[in-house]
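# Mind looking at a prediction? Sequence and model below.
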Amino acid sequence: MQLIKDLFQTPCPLPVKRERRKEARPGELLQAALALFVEKGFAATKVEDVARLAGVSKGTLFLYFSSKEELFKAVVRDKIVGQLSQFHAAIDAYHGPTDQLMRTFLHAWWQQADASQSSGIAKLMLSEGQQFPELAAFYREEVIDPARELIARVHARGVRQGEFRPIDPTYGPLTLLSSILFLALWRHAPALSPSQVSPLQPLAYLDALIDTYLSGVLLREPKHPALDEKAL
């Protein structure tokens, strides 16, 4: 179990030192932009507000990012796309049952997104994607499609090992991905939560989602118990 945890664990960033203030500016700008994009949305976020929150001038921001659109793309690449690349490497290194891999992968994915606020980008795309079609296309190409491919890759592993039954490689993974995106939307729009499940418990929801998926694809009963919330 520790090996699984280590495979999906992202190192914590080192504390920023004053003498490295200049080198740290792009990261500070990205973190400030993420916070404001999630809070205000893309249209309402001003670059001067991002610069102010990061503690730099507007001119300094434009030294690193040529426009607000490019700043948004950099946020997505840094906070989401980079994680997807790490998951590919972790999947390559994993040895064990695929049902456990799927559960660990989805838990780690959610926990990293939740901790970094990046789950709020999904809500932003839903609310403003039609207004900014170029950014919506970018998000689909950089996040949605690769995420679906990751889930499909894990499932294909299970099929090869005789653990999972085959499913539609396009729509099957989307049943998981769409439910995870719904969880992100629910987290940032708590008014949607019915009183019976308020406040929403993300990990409990995620476990129920994974159990439902696995019950439909497993060719045998899993021999390994489900991870609990502390396993990751």
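It's in. Since this is a predicted model, take the numbers as computed values, not measurements.

# Which residue ranges of the chain form helices?
2-8, 21-40, 47-54, 58-64, 68-76, 82-93, 98-115, 120-128, 133-139, 145-160, 171-188, 202-217 (DSSP state H).

# TSV for the ones you listed, including mean pLDDT and mean neighbour count?
Where you see a C-beta, it was placed from the backbone N, CA and C, and this is true even at glycine. Converted to TSV, these look like this (pLDDT from 0 to 100; neighbours: other C-beta atoms under 10 Å):
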stretch	mean pLDDT	mean neighbour count
helix 2-8	50	15
helix 21-40	85	18
helix 47-54	95	18
helix 58-64	93	14
helix 68-76	96	19
helix 82-93	84	14
helix 98-115	84	21
helix 120-128	90	20
helix 133-139	96	15
helix 145-160	94	18
helix 171-188	87	18
helix 202-217	91	16
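
# Now do His88 against Ala204, distance only.
28 Å (C-beta to C-beta, to the nearest Å).

# Also Asp92?
As judged by C-beta to C-beta, Asp92 and Ala204 stand 30 Å apart.

# what does Arg52 give?
39 Å.

# Gln111 now?
Distance, Gln111 to Ala204, by C-beta to C-beta: 14 Å.

# ok, now Ser179?
13 Å.

# go on, Asp168?
In terms of C-beta to C-beta, Asp168 sits 28 Å off from Ala204.

# How about Ala156?
For Ala156 relative to Ala204 (C-beta to C-beta), the value is 28 Å.

# same deal with Ile121?
From Ile121 to Ala204 the distance is 23 Å (C-beta to C-beta).

# for Ala122, same thing?
Distance from Ala122 to Ala204, by C-beta to C-beta: 20 Å.

# ok, and the closest non-adjacent residue to Leu209?
In this structure, Leu209 finds its nearest non-sequential neighbour in Ser179, 5.1 Å apart by C-beta to C-beta, 6 or more residues apart in numbering.

# didn't the one you found look like it was pressed against Ala208?
No: contact criterion C-beta atoms under 8 Å: Ser179 and Ala208 do not qualify, at 9.6 Å.

# Contact partners for Glu128?
Contacts for Glu128 (C-beta atoms under 8 Å, 6 or more residues apart in numbering) come out as Gly41, Phe42, Ala43, Leu135.

# which of the residues you listed has the most neighbours?
Highest neighbour count within the contacts of Glu128, by other C-beta atoms under 10 Å: Phe42, with 21 neighbours.

# which non-adjacent residue is nearest that residue?
Sequence neighbours aside, Glu128 is the residue nearest to Phe42 in space, at 5.2 Å (criterion: C-beta to C-beta, 6+ apart).

# any idea how far the one you found lies from Asp78?
20 Å.

# What of Thr104?
23 Å.

# Check Gln117 too.
Distance from Gln117 to Asp78, by C-beta to C-beta: 12 Å.

# now Gln100
Taking C-beta to C-beta, one finds Gln100 at 29 Å from Asp78.
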